[in-house]
Structure formats: structure tokens, C-alpha cells
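> what would the 3D arrangement of this be:
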Amino acid sequence: MNIKLIPATAKPEEVIDWVELVLFLSDDSYLDKRKIRDWSQKFNSITVAGKGEHPPTQLPDGVAWYSYSGDSRRSEVWNHLVGAAHKEWVLFVEDDEQIRFSDFPSRTFIDSNTWCPALIRQKRKEHTRQFYHMRLVHTPVEGTVVFEGQSIPDCTRYIREREIELCNRPVLIERESSPIAHVDIEEELSVKSYSPKLYLVQGARYYRERKYVRAAAQYRQLLKKEKLLPFDRLAAVNGLASCMAEQHKWSKAMTLTEESLKAESIQALPYFIQFKIHELQKEWGNAHTALRRYYEQQSLYSRSSFDKVMNEESILVHLSDVALRAGDRHMASDYFEELFTYKREEVDRVLLYKVLVLSIELSNYERSVHLFNRMFKDVFPDKFDEKQKEKLNDIMTMFMNQEWYPFVANVYSKMCNAFPGDEVFKRRLIVSLTKTNRLDKARTMVSNII
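Coordinates of the predicted model:
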């Protein structure tokens, strides 16, 4: 089946009266009354599914409680709730998930034959992981099973057999907890119709454990299946490419990334794999190109499941380093400037020094002075320790090499006033005064030293 991608988006202020919302709680600790109360302003039909006969706390008015037993399959609970729904559409969310209403699909562009997938973004400090899952489902004909599997409710078979098309604008959901940490592989395999995503979960776990051969076997097994949703197939190809790259099978890895990007260009991981391959082979120009494309994907929503994007700070640090290795110092300097804009005041001093040195080497006087003032703003002129004095002298030497003598003379004049007994500062001030043709003051200082 050729899955068609079509536009679908709604205005964020609209009440979503055509969707029944189900919040599935794996643990009662995730129950957030404030979140549910906010959602009740958007949805007029909400059900909270949790363990126990009664909710652990009183729910907002109009919100229903559905009790399920601890040994129930998640897919069974979801099938029961979608079957009992009173509206045409049911949206499932879990635990600590939050819905991004700004991109919620419009009813105009979806129907029983056109569904929108959900893109679950797990945000962490270092990176964001992205997982696709069919969460917004059309209520089926009575007696029809939508979800298969166990703890990964899956409707791949349902969608493929009915040739249901998918929208290219997903329901956006964000969460902090992992959406796959709860999956028990052996339990999943105990049911006949388990989710194809099981191979992706197991492959990701093997990969994290550096068992690349076993991980590759999981991805290959999944790719043998014909009836896959497009984002799961891309995840399997990318996972296999990652394994090939880690085993230094670079030609195979590059071929897989090219196949993946040919099928879908809006994804991040293939570009990062290409970057790592070029980096290991010290092909710095190609490494920079691949990493730049990876960076450009950062603001887009990937169309591949199990995709991962580093935070902007980490990417910019990598880009500046690769640009330096590729010999493009001006480009490296521009990346550092972007990084400062991103970080604002929270810039690591080691990085700040590195950018200052680069700016001096590029003869960028204004930026160098700005970075110098930023680097020493908390200690200049009278709070320097010995290490900081050495660092300042090193930087002033670089300024002198650029013939920026007036600034150097001004700095050392203030340093001599703050540290009148420091002979090194005095000698350096004399040199800078000589270079600026302020000879009378230089002679006076020399006579005072003698």
C-alpha cells in the first residue's frame, strides 16, 4: 500500500469536540488533576484509565474513571475503550504526556480512511528522542479489533489491511519518561500478534549495550515484514545503518542512509550516521556537510520513528570543531557566535577562551574586545588570581601580535593601578606605550623602575 501524506492542522483555540480523550495511567503517581482540568477545556469527553476501583483523588467534574486490573493487557484496555467510545475519534495519551494543541489535526482532513499518527517527543537535557505511535484512532465497527500486541498497542495490521492513509502533520505529544521502558520482551512474545515495534525496542536495547550484531539481526528481521508503517520501516533501516557504522562497515552504512533519505528526507539520524563515518575517516569537509544537514533537521519533526536529535548547543560545538578541522576558521567563528546567542550568559569559560583565540587569529578586533571583556568581566581589574594573570598576559600577547596596541596599553594601565607592585604588568605597559608613541610616559615608568 502506498501511504499518502496530506496536510492537516487545526487552530489552537478551537474546542476539539469530535475527539474522546483517554488518559491511560500505568501508575497512579502520574495522575495530574491540573493537566486534566486544562484538557477538559479542550475536550468535552475524557476518561482516565487506571488501576484500582476508584481514582486516587477526586477527578474534575465530567471526567470518567475506568478501572482495569493489574494483569490486563494494555491493548485489551485500549480496545475496550475505543469500542465503548461515543464519538467518532479517540485519542490515547499516557502517564506524563502533554498534548501540543498548536498543531492538532483538523477534522476537515481526516476520516475513517485517513488517520493522523502521533509523534511522541521524549525530551532530555542532551537530546530529544522521537517515537511514532498510532494514538488518534477512528472508532471501529462493533466487534472489530483495532489494537494488537500487549504493552505496545499496535494497529499496523488494521491500517494496512484497510489501506488507511496517513497525514503528514502528526499529533504532537511530549513527555519526560520513556515510552518504551515498560516493555517486557518475553511478555510481548507471549501473544501471537505482537507489535512490529518490538523489534525496534529490542534492537535499540542491544545497540545501547553495544551488541551491534544482535541489534542488526532485530532490524533485519523487521525489514523482512512487508506490512509496516513507513516510520517504523525507516527506523529499522536507520537502526541497521547505525549498527553497520559501529562495526566499521562504512560502505554498507552509507548505502543504507542514502536509501533512507531517498525514501524520506525529513529525518535526522541518517545525516548523523554519515557525519560519524566521515569523521572517523577524517574527511572533514564531508563531515561538516553531513553535520550541517543534521543541524538543519533540528527544528523539523522527523518522519522516522526512533529518531534522535542532539540539543542545539551540542550540535554547534561539534560544527565549530569540524569546521576548524576542515580549515574553515571563519565558518567556525560563525558557529561559535550562534552558540553564544543560544547560550546567552551561560557560556563555559574554556569555550569562551577558545572562541576568543579564534577571533584574534581572524583579526576580528571588535569581537575579540567584546569576548575579552566578557571573559574577565567578573575580575577586571583588581580581582585577578595568579592563573588569571597568566591567562590575561597570554591574551595580551596575541593582541600585541595583531598590533592592537592602544587597547593593550589601556588594559595594562588599569592592571598597574590595581597591582602597583607587579613588575610584569609594568614592563608590558612600557612596551605597549612605546608602540603607541607615548614615549614620555614610557621613559618616566622606566626611570621609576630603575
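> ok, now which ones touch the nearest residue to residue 269 once chain neighbours are set aside?
Nearest residue to residue 269 in three dimensions, chain neighbours excluded: residue 238, at 4.7 Å (C-beta to C-beta, 6 or more residues apart in numbering). All C-beta atoms are positioned from the backbone trio N, CA, C, and that covers glycine. With contacts defined as C-beta atoms under 8 Å, 6 or more residues apart in numbering, the neighbours of residue 238 are 256, 257, 260, 267, 269, 270, 273, 304, 306, 307.
> residue 66 belongs to a strand?
Yes - counting by DSSP: H, G, I helix; E, B strand; the rest coil, residue 66 is found in a strand.
> what is the neighbour count of the nearest residue in space to it that is not next to it in sequence?
The shortest distance from residue 66 to any non-neighbouring residue, by C-beta to C-beta, 6+ apart, is to residue 49 (4.4 Å). Residues near residue 49, counting by other C-beta atoms under 10 Å, number 22.
> now do residue 163
Neighbour number of residue 163 under other C-beta under 10 Å is 11.
> and for residue 199?
By other C-beta under 10 Å, neighbour count at residue 199 equals 25.
> wouldn't it be in contact with residue 224 here?
No - at 9.8 Å, residue 199 does not count as touching residue 224 under the criterion of C-beta atoms under 8 Å.
> at which residues are the strands of the stretch 251-400 of the chain located?
Ranges of strands in the stretch 251-400 of the chain, per DSSP state E, counting those that start in this stretch, are 307-310.
> can you pull out the helices in it?
Ranges of helices within the stretch 251-400 of the chain are 269-280, 284-296, 312-325, 329-343, 349-361, 365-375, 386-401, based on DSSP state H, counting those that start in this stretch.
> which parts of the helix or strand containing residue 222 are buried?
Per DSSP states H and E, residue 222 falls inside helix 212-223. Buried residues in helix 212-223, counted by 16 or more other C-beta atoms under 10 Å: 212, 215, 216, 217, 218, 219, 222, 223.
> between the residues you listed, which sits nearest residue 425?
Distance to residue 425, by C-beta to C-beta, is smallest for residue 212 among the buried residues of helix 212-223, at 57.3 Å.
> I'd like to know how far the closest one sits from residue 249.
Residue 212 is 10 Å from residue 249, where distance means C-beta to C-beta, to the nearest Å.
> stretch 271-282: which residues count as buried?
For stretch 271-282, using 16+ other C-beta under 10 Å, the buried residues are 271, 272, 273, 274, 275, 276, 277, 278, 279.
> now do stretch 330-341
331, 332, 333, 335, 336, 337, 338, 339, 340.
> tell me the pLDDT at the first one?
Confidence at residue 331, expressed as pLDDT, is 86.
> how close does it sit to residue 357?
16 Å.
> pretty sure residue 312 sits against residue 298.
Yes - assessed by C-beta under 8 Å, residue 312 is found in contact with residue 298 at 6.3 Å.
> any stretches of the protein with poor pLDDT?
Within the chain, the ranges that satisfy pLDDT under 70 run 1-13, 341-348, 439-450.
> what about the most centrally placed residue in it, which SS state?
The centroid of the chain falls nearest to residue 128 when counting by C-alpha atoms, centre = their mean (3.0 Å). Look at residue 128: counting by three-state DSSP, its state is strand.
> just grab the bridge partners of it for me.
residue 123, residue 309 (DSSP bridges).
> give the contact list for it.
Contacts of residue 128 (C-beta under 8 Å, 6+ apart): 121, 122, 308, 309, 311.
> can you tell me how far residue 252 sits from residue 245?
In this view, residue 252 and residue 245 are 9 Å apart by C-beta to C-beta.
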